[in-house]
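Trainee: model this:
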Amino acid sequence: MTEQFSFSNAKRSRGFTLIELLIVIVILGVMAGLATLSLPDKSAQHWTDKLSRLTATLNYAQEEALSRGSPIWVSIDQNGWRFSLRDRFEKLQPLTHPEIFEPTAWEMPVSIKPLTLRLGDDAYPEPQVIDVQGITQHAVIERDRFGRYRLQLE
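Mentor: Numbering: from 1, shown residues only. Predicted structure coming up:
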C-alpha cells in the first residue's frame, strides 16, 4: 500500500509568519514613539517651577519688609537663594520663618551673577533685572518701579 502525500492533508505550522511579526513590531514602534512624545519635559517644568517660586517669594518678601518697616535681604547665586534680616547688632541672620523664606537650592545647573538685594527699603525702588541662565533655558526676573517682580521665560 502506498501512502499518498497531499498538501491539503499536511499539518500546518502554528507559528507566526515573518510578515505578521514585522507588522506587530512596526505597530509597537509607532505606539512607543507616540507615548514618548506625549510625556512632559520634567526638566523644563522643574525650571519654570523654581523660577516661579523665586519670583513669588521675592514679591512676598518685598511686601513683608514694607509692612514690617525693616528691610529683608536676599542672596541669590549658583547654589540657590537665602533670605536674612539684620539683628539688633546689625549682623545678618538667616530668615527661616515662615517656611517660604527657608534657603532653597536650584537643584539644577544655573549660571547667575551672585547678588544681594535689599527688599522693602523703598516703596518705589529702582527697576532691576536678574538674569538666570540654565543649561538650555534662559529667564529674566524684572523688578518694576513699584517693587513687583515679574518672570519672563525666554
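
Trainee: and the next helix or strand past the helix ranked longest in the chain?
Mentor: Ranked by residue count under DSSP state H, the longest helix found in the chain is helix 42-68. For helix 42-68, the following helix or strand on the C-terminal side (DSSP states H and E) is strand 72-77.

Trainee: ok, and what's touching that following strand?
Mentor: Residues outside strand 72-77 that contact it (CB atoms under 8 Å, 6 or more residues apart in numbering) are 54, 58, 61-62, 64-65, 81-86, 92, 95, 112, 114-120, 130. From N, CA and C alone the C-beta is placed, and that goes for glycine too.

Trainee: do a quick rundown of the strands in this protein.
Mentor: Secondary structure of the chain (DSSP state E): strands located at 72-77, 80-86, 92-94, 104-105, 111-112, 115-119, 128-133, 138-143, 149-153.

Trainee: which one of the ones you listed lies nearest to I23?
Mentor: Among the strands of the chain, strand 149-153 comes nearest to I23, with 43.5 Å by CB to CB.

Trainee: so what strands line up beside the closest one?
Mentor: strand 138-143 (antiparallel) (DSSP bridges).

Trainee: residue contacts, L58?
Mentor: Per CB under 8 Å, 6+ apart, neighbours of L58: 74, 117, 119, 141, 143, 149.

Trainee: what about the first one, distance to K91?
Mentor: If you measure V74 against K91 using CB to CB, to the nearest Å, the figure is 16 Å.

Trainee: the two: which is more packed in?
Mentor: Neighbour count, other CB atoms under 10 Å: between V74 and K91, V74 has more, with 21 against 9.

Trainee: who's the more buried one bridged to?
Mentor: F83, L117.

Trainee: distance of it from E142?
Mentor: Taken as CB to CB, the span from V74 to E142 is 15 Å.

Trainee: for the nearest residue to Y60 once chain neighbours are set aside, grab the count of nearby residues.
Mentor: What sits nearest to Y60 in space, not counting adjacent residues and going by CB to CB, 6 or more residues apart in numbering, is I100, at 6.0 Å. When neighbours are defined as other CB under 10 Å, I100 has 15 of them.

Trainee: one step back: would you reformat the strands of the chain as JSON lines and include distance to I23?
Mentor: JSON lines is the format used below for those (distance: least, CB to CB, whole Å):
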{"stretch": "strand 72-77", "distance to I23": "56"}
{"stretch": "strand 80-86", "distance to I23": "52"}
{"stretch": "strand 92-94", "distance to I23": "64"}
{"stretch": "strand 104-105", "distance to I23": "50"}
{"stretch": "strand 111-112", "distance to I23": "49"}
{"stretch": "strand 115-119", "distance to I23": "60"}
{"stretch": "strand 128-133", "distance to I23": "48"}
{"stretch": "strand 138-143", "distance to I23": "45"}
{"stretch": "strand 149-153", "distance to I23": "43"}
